[in-house]
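In: Quick one: sequence plus predicted model below, questions after.
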Amino acid sequence: MKHYDLAVIGSGPGGQKAAIQGAKLGKHVAIIEKSKVVGGAAINTGTIPSKALREAVLHLTGHSKRGLFGRSHRVKRHITISDLIGVSHQVVHNEIELIHDALERNDVDLIMGAAHFEGPNLLQIVREDDTQMLTADYFAIATGSRPSRPDCVPFNEQNVFCSDTLLDLDHLPKSLLVVGGGVIGTEYACMMSALGVRVTLVEGRDLVLGFLDQEVSEAFQYHMRQGGITLRLGEKVDHIEQIPPDNGTGPLVQATLESGKKLKAEALLYAVGRHGNCDALQLENVGLEHDKRGRLDVNEHYQSAVEHIYGVGDVIGFPALASTSQEQGRMAVCHAFGVPIHAMPDLFPYGVYGVPEISMVGKTEKQLTDEGIPYEAGVANYREIARAHLLGDDRGMLKLLIHQDNRTILGVHAIGTGATELVHIGQAVMAMKGTVDYFLHNVFNYPTLAEAYKIAALNGANRLAHV
């Protein structure tokens, strides 16, 4: 039986970085993965496949260049599922190879199989034809999460899907119902609409992506409607059922709303909530338990109630981002082995890869108002920026929220081409406690999207000066 300094359960973003950090500290590390391939949901069913799909959609439909070449511009007239999935598979394969290479270079033992605890320092790994036992001084649970699949939803992987199975479509439906206006639901709604699918999105709240700044959320809803998406906001689904074909069409699925409305489509994506993957770990054998949504409770060091067991990533809940999961894995292992490290700030960015893309860091206007913090907003519209016109996008926006007294940047909100890249400039200035004057007195390459910071800063400074 092998003994390790650190055993990591799960090879998604959090698990990878936890394992590699342990190896960098000179520790003997194992990472255990129950699936046939490494990478977790981020690489195989979630982040990377969906973003690869989005890039393929925007390229093949010509959507991202219609501002330059006209609304009729299209790279390929008839787009098939194989066109889209082929790109996704290529990117996923490349990412898997990179993970294998990183683990091998750092001498991390990769063990395939489903792990569960047999005792406080004892793991059993179960495979189809054998089992294996190992012991470790420390453990990092990075088992991720899965889409919620309530029994009342008739999932069949033919026309009723969760986000993990939607990419198994064998053809593009003519119509799609999306239940859930969170990140996953809105991203897939935008992609499918860009492909010409008639999309209806149902969301129980009055705004999609309610965590965003309200102005950005409202702008995004406008773009969704302009793209042909029907939004049913403030509506909840009562039940979902299969119904007979209508007028010679194929099988249909119907969602009946609590208001009595009946919505029909060829396919349905259920994208409401996720569930942590703690169920099979047999945590009771180490004196731990998970909550009703399968999540593990941890402290500020990502340490569970059992001090040598840590939890990172989606399995501990909010913010459940691949980026934050990586940092949590690194920090947890540093804490376990007594390596001083600065705590990860709350200053992490969000990215939503809709059409258009969205990103934010820091506070929203509502949060600042609720907290009684005096602020002013500086706005740059993409129509004012040469680079945006070169990219064919004159509808985007960058907004800076500026403290009225000390002029520090309190929040950055962007919607439009390159938003998820652009946000990091503001994030860096915020982390250094910088003020709006940084953007006023610095030079930006021309033409670039980064110029938006200068324009937004000038706009905000004028407002601060009541000009």
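Out: All right, it came through fine.

In: Tell me where the protein has helices.
Out: 13-24, 40-44, 47-61, 66-69, 81-105, 183-194, 214-226, 322-336, 365-370, 386-391, 419-431, 436-440, 451-464 (DSSP state H).

In: Low-confidence ranges, the stretch 251-400 of the chain, go.
Out: Where the stretch 251-400 of the chain drops to pLDDT under 70, the residues are 344.

In: can you pull the contacts of residue 361?
Out: 347-350, 411-412, 423, 426-427, 430 (Cβ atoms under 8 Å, 6 or more residues apart in numbering). C-betas here are computed from N, CA, C, even on glycine.

In: any idea how far residue 169 lies from residue 237?
Out: Computed with Cβ to Cβ, to the nearest Å, the distance linking residue 169 and residue 237 is 21 Å.

In: Show me which of these two is the more surrounded one.
Out: residue 237 (22 against 19; other Cβ atoms under 10 Å).

In: what sits opposite the more buried one in the beta ladder?
Out: Beta bridges link residue 237 to residue 257, judged by DSSP bridges.

In: show me the residues around it that make contact.
Out: 179, 202, 255-258.

In: Any stretches of the stretch 1-150 of the chain with poor pLDDT?
Out: For the stretch 1-150 of the chain (pLDDT under 70), the answer is 62-80.

In: Without its sequence neighbours, what residue ends up closest to residue 235?
Out: residue 257 (4.9 Å; Cβ to Cβ, 6 or more residues apart in numbering).

In: Near the closest residue in space to residue 296 that isn't next to it in sequence, how many other residues are there?
Out: The shortest distance from residue 296 to any non-neighbouring residue, by Cβ to Cβ, 6+ apart, is to residue 311 (4.0 Å). Residue 311 has 29 neighbours, counted by other Cβ under 10 Å.

In: how far away is residue 311 from residue 364?
Out: 28 Å.

In: surely residue 178 meets residue 188?
Out: Yes: the pair residue 178 / residue 188 is scored as a contact, 6.4 Å apart, by Cβ atoms under 8 Å.

In: Quickly list what's touching both of these two.
Out: By Cβ under 8 Å, 6+ apart, the residues touching both residue 178 and residue 188 are 269, 271.

In: What residues of the longest strand along the chain count as buried?
Out: For the chain, the strand with the greatest residue count under DSSP state E is strand 131-141. Within strand 131-141, the residues scored as buried using 16 or more other Cβ atoms under 10 Å are 132, 134, 136, 138-141.

In: and which of those residues is nearest residue 32?
Out: Using Cβ to Cβ, residue 134 is the member of the buried residues of strand 131-141 that lies nearest residue 32, at 8.4 Å.

In: The closest one and residue 329: what is the separation?
Out: In this view, residue 134 and residue 329 are 19 Å apart by Cβ to Cβ.

In: I figured residue 322 hits residue 17, correct?
Out: No: judged on Cβ under 8 Å, residue 322 makes no contact with residue 17 at a distance of 10.2 Å.

In: Could you check which of those two has the larger neighbour count?
Out: residue 17 (25 against 19).

In: and the more buried one, what does it touch?
Out: 325-327, 329-330.

In: same thing but at 6 Å, please
Out: Shown in contact with residue 17 (Cβ atoms under 6 Å, 6 or more residues apart in numbering): 326, 329-330.

In: Which of those residues sits closest to residue 303?
Out: residue 329 (13.1 Å).

In: Count the residues that sit near the closest one.
Out: Based on other Cβ under 10 Å, the number of other residues close to residue 329 is 29.

In: circling back to that earlier point, higher neighbour count, residue 178 and residue 188?
Out: A count of neighbours by other Cβ under 10 Å puts residue 178 above the other of residue 178 and residue 188, at 30 against 26.

In: Just want to check the distance between the more buried one and residue 118.
Out: 42 Å.

In: Domain-wise, how is this protein divided?
Out: Following automatic domain parsing, the chain resolves into domains at 2-146+275-336, 160-269, 356-464.

In: Dump those to a markdown table, plus distance to residue 152.
Out: Shown next, in a markdown table, are the domains of the chain (distance: least, Cβ to Cβ, whole Å):
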| stretch | distance to residue 152 |
| --- | --- |
| domain 2-146+275-336 | 15 |
| domain 160-269 | 7 |
| domain 356-464 | 31 |
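
In: right, so of those, which gets closest to residue 342?
Out: domain 2-146+275-336 (8.9 Å).

In: Start and end of the closest one, how far apart?
Out: Between the opening and closing residues of domain 2-146+275-336 there is a gap of 20 Å (Cα to Cα, to the nearest Å).
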